[in-house]
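K.L.:
dropping a prediction and its sequence here:
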Amino acid sequence: MSHITLTSRGKVVVATMAAVAAMGVTACQGSEPKPEGKAPVSAASQAGQAGQDGQDGQDGQGSDATGSAGGEEIGSKAGSAGSAGSAGSARCESSSMGLRVGRADIGAGNIRYSLVFTNKGKSACTLNGFPGASLLDRDGQAIGKPAEREGAKGKPVTVAAGGSAHAVLHTINDGLSDKPCWKSAPLVQAYPPGSKEAMTARVSSGLRVCGDEFTVTAVTPGAGA
């Protein structure tokens, strides 16, 4: 058997040739076509995308008032928070409120009545702005026209459980205007600010509007006069 003796220079040449051969094999393997499909996604990338998708979904629901039930639910919660004022309480609803009309306060040709809303619920709620108010006869038929708004909107009023807030109905005495008086109304129908549910209260002595002057103020704290 023959032997090949390599000098140090020969060993370097052989090692270099072996390295080149290895690189050639690797290059051939790297050039093989890969199956089509998406590149692997890291867990961090998936979490980031999921968070973005969730934010996009929330943005879509919040901006679409006629969206799905989920969007409507979010919109409703946001509306409640927005109407609650600094106390953070929900808006007062007709279903948890009581209504009464105070006694006539007459002076200088003006007649005013307190329209009192009482919180019959178990937690505080908020009234903000003007209530709707109109007069009814005993059969529930409207008398005249609904009250017009008088004065500024004011600030939100937080009504504690069992507490009250009020608006003021205003008209004038007979004879101060050429316009005729309406017939006396035994009932007042009112809507708390922001509510679409009507409430009704009796007026023991009747409420008569004269001179077509019938207005209502924004809600303020307390039961009024």
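P.N.:
Good, I have the coordinates.
K.L.:
run through this structure and note the low-pLDDT ranges.
P.N.:
1-88 (pLDDT under 70).
K.L.:
for this protein, what spans make up the helices?
P.N.:
Remark: helices of the chain, listed N- to C-terminal, are 8-30, 43-63, 69-83; assignment by DSSP state H.
K.L.:
residue ranges of the strands in the protein, please?
P.N.:
90-91, 97-101, 105-107, 110-119, 125-127, 132-136, 142-143, 148-149, 157-159, 164-172, 185-191, 199-207, 215-216, 220-221 (DSSP state E).
K.L.:
what's the closest of these to residue 179?
P.N.:
Residue 179 lies closest to strand 164-172 among the strands of the chain, at 9.9 Å (CB to CB). Just so you know, the C-beta spots here come from the backbone N, C-alpha and C atoms, and that holds for glycine as well.
K.L.:
that closest one relative to strand 185-191, how many degrees between them?
P.N.:
130 degrees (axes from the mean of the first three to the mean of the last three CA atoms, to 10 degrees).
K.L.:
any idea of the angle strand 164-172 forms with strand 97-101?
P.N.:
Going by the same axes, to 10 degrees, strand 164-172 makes 30 degrees with strand 97-101.
K.L.:
for strand 164-172, list the C-alpha coordinates in CSV.
P.N.:
The C-alpha trace of strand 164-172 is given here as CSV (Å, rounded to 0.1, in the frame of the first residue of the first chain):
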residue,chain,number,x,y,z
SER,A,164,-85.5,65.4,44.2
ALA,A,165,-84.8,67.9,41.5
HIS,A,166,-87.1,70.3,39.8
ALA,A,167,-87.9,72.4,36.8
VAL,A,168,-90.2,75.4,36.8
LEU,A,169,-93.3,75.8,34.6
HIS,A,170,-94.3,79.4,33.9
THR,A,171,-97.3,81.2,32.5
ILE,A,172,-98.9,84.6,33.1
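K.L.:
that one pairs with which strands, parallel or anti?
P.N.:
Within its sheet, strand 164-172 is paired with strand 110-119 (antiparallel), strand 215-216 (antiparallel), strand 220-221 (antiparallel), according to DSSP bridges.
K.L.:
can I get the first one in CSV, CA atoms only?
P.N.:
In this case it means strand 110-119. Presented in CSV, the C-alpha positions along strand 110-119 are these (Å, rounded to 0.1, in the frame of the first residue of the first chain):
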residue,chain,number,x,y,z
ASN,A,110,-96.5,85.6,36.6
ILE,A,111,-97.5,82.1,37.7
ARG,A,112,-94.9,79.4,38.3
TYR,A,113,-95.2,75.8,39.3
SER,A,114,-92.4,73.4,40.4
LEU,A,115,-92.3,70.3,38.3
VAL,A,116,-90.6,67.9,40.8
PHE,A,117,-88.8,64.7,39.9
THR,A,118,-88.1,62.3,42.8
ASN,A,119,-85.6,59.5,42.6
